[in-house]
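Asker: Task: produce atomic coordinates for the following.
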Amino acid sequence: MERKKIVHALDTPYSAVEWPHISQDDQDTILELLCQLLAPIGAHRESFITPSKGKRKRVKKANNPAGSGTEKPVEPIPPSPPISAHVDVGLSVISRGLQAMSREEDNSPSGPSPSSTKNTTKTESKTPQPPPPIAEPGSRTRPPPYSIVFVARSGQSSAFHCHFPQMVALASQTQQPTNSSPDPAIRLVGFSRACEDRLSAALGVPRVSSVALRAGAESSGPEGVPQARGLVESVRERVAPVDVAWLREEGGVGKRKGGFLETRIEAVPTKVGVKKVKAK
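Answerer: The predicted structure is shown next:
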């Protein structure tokens with residue numbers, strides 16, 4: 001007769017969040033449109049921005065100030081393409097942007113951040129604080145929301161991008177539909193094939209793993225970003241919003257029921273092996 005024992009295992013009460021499913025043909029189409037949109041940024045960097053040659057040359061130039069007078073005068077650099085103002089590049093920058101969008105206080109133009117409120121509460125009893133500056137008409141206290149987040153999932157550990165589905169879903173919950181943007185949900189596009197080289201060449205930077213696009217009416221007027229209209233429409237037709245079951249059950253950001261979710265404790269019957277007898 002087999003001997004069994006009960007082994008208890010702890011599990012999270014939240015279900016796993018999956019990336020939106022995108023066919024490989026749709027991924028190739030979206031990548032091609034994205035590279036075409038980012039190409040002017042890379043062309044501007046290649047034509048007018050000199051790549052850094054490291055600290056050694058700066059030290060040599062500082063030690064030889066006499067030769068600096070023979071150099072040609074630096075010509076003014078033309079302004080960057082308009083699309084560069086609507087693009088964020090890099091894991092840290094995009095993560096901070098999604099975090100700012102996820103905060104309920106940021107949903108109002110004058111809402112303070114939690115950190116600033118905390119600091120004010122600590123110091124208000126000690127020293128009087130000046131009144132907050134009055135916001136000028138048309139000024140923004142927070143950047144416009146993202147429309148699409150692109151992530152190159154291939155070739156890197158999942159630890160670098162596994163948080164994007166949850167953060168995109170939370171940030172989408174805080175956005176309100178408007179006449180120009182009836183569907184404010186942020187789309188998350190994960191490229192399964194290696195595409196870092198194409199993105200790097202399009203942007204003119206050594207490495208690129210994630211790109212975020214701000215193409216809504218909040219970023220450039222009622223018509224959005226004309227250059228990105230084709231890309232945004234194509235992505236919204238092919239990619240579904242991120243679905244988080246436990247967030248939907250809780251009611252979304254700002255509507256949480258506040259119920260306590262118990263830790264899952266699974267009781268798994270396990271077979272007990274035969275005890276080995278040591279030879280004397």
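Asker: count of residues packed around A201?
Answerer: By the measure other C-beta atoms under 10 Å, the count of residues near A201 is 15. No exception for glycine: its C-beta is placed from N, CA and C like everyone else's.
Asker: likewise R236?
Answerer: R236: 15 surrounding residues under other C-beta under 10 Å.
Asker: So P143 belongs to a helix, correct?
Answerer: No: checked against DSSP: H, G, I helix; E, B strand; the rest coil, P143 lies outside a helix; its state is coil.
Asker: Can you check what pLDDT the model gives it?
Answerer: On the pLDDT scale, P143 is placed at 71.
Asker: List of residues touching stretch 29-38?
Answerer: 22, 83, 87, 150, 189, 191, 195, 198-199, 201-203, 211, 213, 227-228, 230-231, 234-235, 238-239 (C-beta atoms under 8 Å, 6 or more residues apart in numbering).
Asker: OK, contacts around the residue nearest to Q175 when sequence neighbours are not counted?
Answerer: Setting aside the residues directly before and after it, Q175 is nearest to P184 in space (C-beta to C-beta, 6 or more residues apart in numbering), at 3.6 Å. Going by C-beta under 8 Å, 6+ apart, P184 touches 145, 172, 175-178, 216.
Asker: sec struct for P184, please.
Answerer: Secondary structure for P184, judged by three-state DSSP, is coil.
Asker: quick one: it and V211, what's the gap?
Answerer: P184 is 20 Å from V211, where distance means C-beta to C-beta, to the nearest Å.
Asker: tell me the domain boundaries of the protein?
Answerer: Taking automatic domain parsing as the reference, the chain has its domains at 1-16+245-274, 18-46+82-104+143-243.
Asker: average pLDDT across whichever strand or helix holds D26?
Answerer: Secondary structure assigned from DSSP states H and E places D26 in helix 24-48. Here helix 24-48 scores 93 as its mean pLDDT.
Asker: List the buried residues of it.
Answerer: 26-27, 29-31, 33-35, 37-42, 44-45 (16 or more other C-beta atoms under 10 Å).
Asker: Find the residue ranges of the stretch 1-150 of the chain scoring beneath the pLDDT cut-off.
Answerer: Low-confidence segments of the stretch 1-150 of the chain, defined by pLDDT under 70: 1, 13, 52-74, 104-142.
Asker: now the helices for it?
Answerer: 24-48, 55-63, 91-102, 114-123 (DSSP state H, counting those that start in this stretch).
Asker: nearest to S154, of the buried residues of helix 24-48?
Answerer: Relative to S154, the closest of those is Q27; by C-beta to C-beta it sits at 10.6 Å.
Asker: so who does the closest one touch?
Answerer: 189, 191-193.
Asker: circling back to that earlier point, give me the pLDDT value at the residue nearest to Q175.
Answerer: Predicted confidence (pLDDT) for P184: 84.
Asker: Relative to I265, which of the contacts of P184 is nearest.
Answerer: Nearest member of the contacts of P184 to I265, counting by C-beta to C-beta, is S172, at 32.2 Å.
Asker: In contact with the closest residue to that closest one other than its chain neighbours, which residues?
Answerer: Nearest in space to S172, with sequence neighbours left out and distances taken as C-beta to C-beta, 6+ apart, is A185 at 4.4 Å. Shown in contact with A185 (C-beta under 8 Å, 6+ apart): 172, 175, 241-242.
Asker: Right, I'll call it a day here.
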